[in-house]
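*Asks:* Starting from these lines, generate the structure:
(chains A and B)
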2 protein chains.
Amino acid sequence: MLGYHRSSACCAIRPLSPIEDRALKRSLPVIHEIRERDEGRGRVIEEMDLEFSNGERRVFHRVLARGAQAVCVVPLIDNDTVMLVREYAAGVHRYELGLVAGLANPGESSIDAANREMMEEIGFGARKLKVLRALSLSPRFMQHEIQVVVAADLYESKLPGDEPEPLERVPMKWRDLESHMLQDDFSDGRSLAALFIVRAWLADGGRFDA
Amino acid sequence: MLGYHRSSACCAIRPLSPIEDRALKRSLPVIHEIRERDEGRGRVIEEMDLEFSNGERRVFHRVLARGAQAVCVVPLIDNDTVMLVREYAAGVHRYELGLVAGLANPGESSIDAANREMMEEIGFGARKLKVLRALSLSPRFMQHEIQVVVAADLYESKLPGDEPEPLERVPMKWRDLESHMLQDDFSDGRSLAALFIVRAWLADGGRFDA
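*Replies:* Predicted structure coming up:
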């Protein structure tokens, strides 16, 4: 299905070498001073007085991640199918397709939080769970990251959630990801990234014990 | 390369129908009242007094997108290669792989902003540009979206940028996306989603005039 040679939309510019060969291995900027600014309601801005390796001085701002660890879950229903949810998303004021997601409770691991959120949002627990990677929200400006958890060997198990209405469960065949990837109501970058990543990880063997 | 039948990590639960068949077609919640709270420095929170179609009443908050339109760019160097950048990302305090990105100036279209950002960050302009879709940042809580622009037929053209140091240009072969998709320093969900989406769009013909 995926071949990368069909488009003639671009032109050759110069020979290229692989990613790793070209890394400049720059040193991180030196942090001369950090000032925290508490903006209330849990929002803390950090002002960092930075010196880059070329001597340039700049003040950069970032929003600190002070809350609970965020998780999103890719629940595998069978070899060909993943369970999405359709949920009212207030930020964009529409019903959105996306992943089961939520915040870990104090002391709760990402794995346990993922399993609980699945029970609350789609009525399944999982016997196999694995954190695949963290995805950042806006790495230039925000410290926030979300853990991507893949879940398999599901069983029915329902916990009450705090949603105003039950989430709609939307099974999607992996082969249909491309047909949905440009839908207006399937817009969350991290959900889309997590789905493509998990599909490729499964295609590469998808070992939960590795 | 991608086949979705190799994993035995999951179990069949029930027969499933395609996505579209199962959409509940719920009505959007009725907004009874909206209160804006200006938190300063351009940050405005909207409190929405909502009534869901089942009669549940809730107050939801969202951060309004009040600033300029954000764009990110997927520049195609040749049929097999995309140009990434490696840049200091203050939010996570590390050098990160990602896409050329920035904000449109007042009155500037997403296409023009994408072309200008390419000239500033990697020293290329493009004769073909197309907005593929918008990706949202955190659709439950934030109104913010970024336009994904694909760019081809590149030519060398340099504009001065406002970065503290030149960005490192990092060409990546499309076939290497899977080898890099779990790297710690390649964490931006929207960059990863945009790359998988553009690669699949190219594999499907990638027409700029469609």
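
*Asks:* low-scoring stretches of chain A, by residue?
*Replies:* Along chain A, segments meeting pLDDT under 70 span A:1-23.

*Asks:* right, is the helix ranked longest in chain A up against chain B?
*Replies:* The longest helix of chain A (DSSP state H) is helix A:189-203. Yes: counting by Cβ under 8 Å from any Cβ of the partner chain, chain B has neighbours in helix A:189-203: A:Gly189, A:Arg190, A:Leu192, A:Ala193, A:Ala194, A:Phe196, A:Ile197, A:Arg199, A:Ala200, A:Trp201, A:Leu202, A:Ala203. (C-beta placed from N, C-alpha, C; glycine too.)

*Asks:* Show me what that helix is packed up against.
*Replies:* strand A:70-78, strand A:81-89, strand A:124-136, strand A:145-156, helix A:177-180, strand B:124-136, helix B:189-203 (3 or more Cβ pairs under 8 Å, 6 or more residues apart in numbering or on different chains; DSSP states H and E).

*Asks:* For B:Asp209, which of those is the nearest?
*Replies:* strand B:124-136 (8.6 Å; Cβ to Cβ).

*Asks:* Report the inter-axis angle for the longest helix of chain A versus strand A:70-78.
*Replies:* 40 degrees (axes from the mean of the first three to the mean of the last three Cα atoms, to 10 degrees).

*Asks:* In PDB, could you pull the C-alpha coordinates for stretch A:144-156?
*Replies:* This file holds the C-alpha atoms of stretch A:144-156, laid out as PDB (Å, rounded to 0.1, in the frame of the first residue of the first chain):
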ATOM      1  CA  HIS A 144       4.100  18.900  28.600                       C
ATOM      2  CA  GLU A 145       4.400  15.300  27.400                       C
ATOM      3  CA  ILE A 146       1.900  12.500  27.000                       C
ATOM      4  CA  GLN A 147       2.700   8.800  27.400                       C
ATOM      5  CA  VAL A 148       1.500   6.600  24.500                       C
ATOM      6  CA  VAL A 149       0.400   3.300  25.800                       C
ATOM      7  CA  VAL A 150      -0.500   0.300  23.600                       C
ATOM      8  CA  ALA A 151      -3.000  -2.200  25.100                       C
ATOM      9  CA  ALA A 152      -3.900  -5.700  24.000                       C
ATOM     10  CA  ASP A 153      -5.500  -8.900  25.200                       C
ATOM     11  CA  LEU A 154      -8.600  -6.900  26.200                       C
ATOM     12  CA  TYR A 155     -11.500  -8.000  28.500                       C
ATOM     13  CA  GLU A 156     -14.700  -6.300  29.300                       C
END
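
*Asks:* what comes up buried for it?
*Replies:* Using 16 or more other Cβ atoms under 10 Å in any protein chain shown as the test for burial, stretch A:144-156 gives A:His144, A:Glu145, A:Ile146, A:Gln147, A:Val148, A:Val149, A:Val150, A:Ala151, A:Ala152, A:Leu154.

*Asks:* which of those come close to chain B?
*Replies:* Answer for the buried residues of stretch A:144-156 near chain B (Cβ under 8 Å from any Cβ): A:His144, A:Glu145, A:Ile146, A:Ala152, A:Leu154.

*Asks:* Among those residues, which one lies nearest to B:Ile77?
*Replies:* For those, the nearest to B:Ile77 is A:Glu145 (29.7 Å; Cβ to Cβ).

*Asks:* which residue packs closest to that closest one, ignoring adjacent ones?
*Replies:* Spatial nearest neighbour of A:Glu145, excluding adjacent residues (Cβ to Cβ, 6 or more residues apart in numbering or on different chains): A:Ala134 at 4.3 Å.

*Asks:* List the beta-bridge partners for the one you found.
*Replies:* Beta bridges link A:Ala134 to A:Gln147, judged by DSSP bridges.

*Asks:* Same check on A:Leu50?
*Replies:* Where A:Leu50 sits in a bridge, its partners, by DSSP bridges, are A:Ile31, A:Arg58.

*Asks:* That one: what's it in contact with?
*Replies:* Contact analysis of A:Leu50 by Cβ atoms under 8 Å, 6 or more residues apart in numbering or on different chains lists A:Pro29, A:Val30, A:Ile31, A:His32, A:Arg57, A:Arg58, A:Val59, A:Phe60, B:Ala90, B:Pro164.
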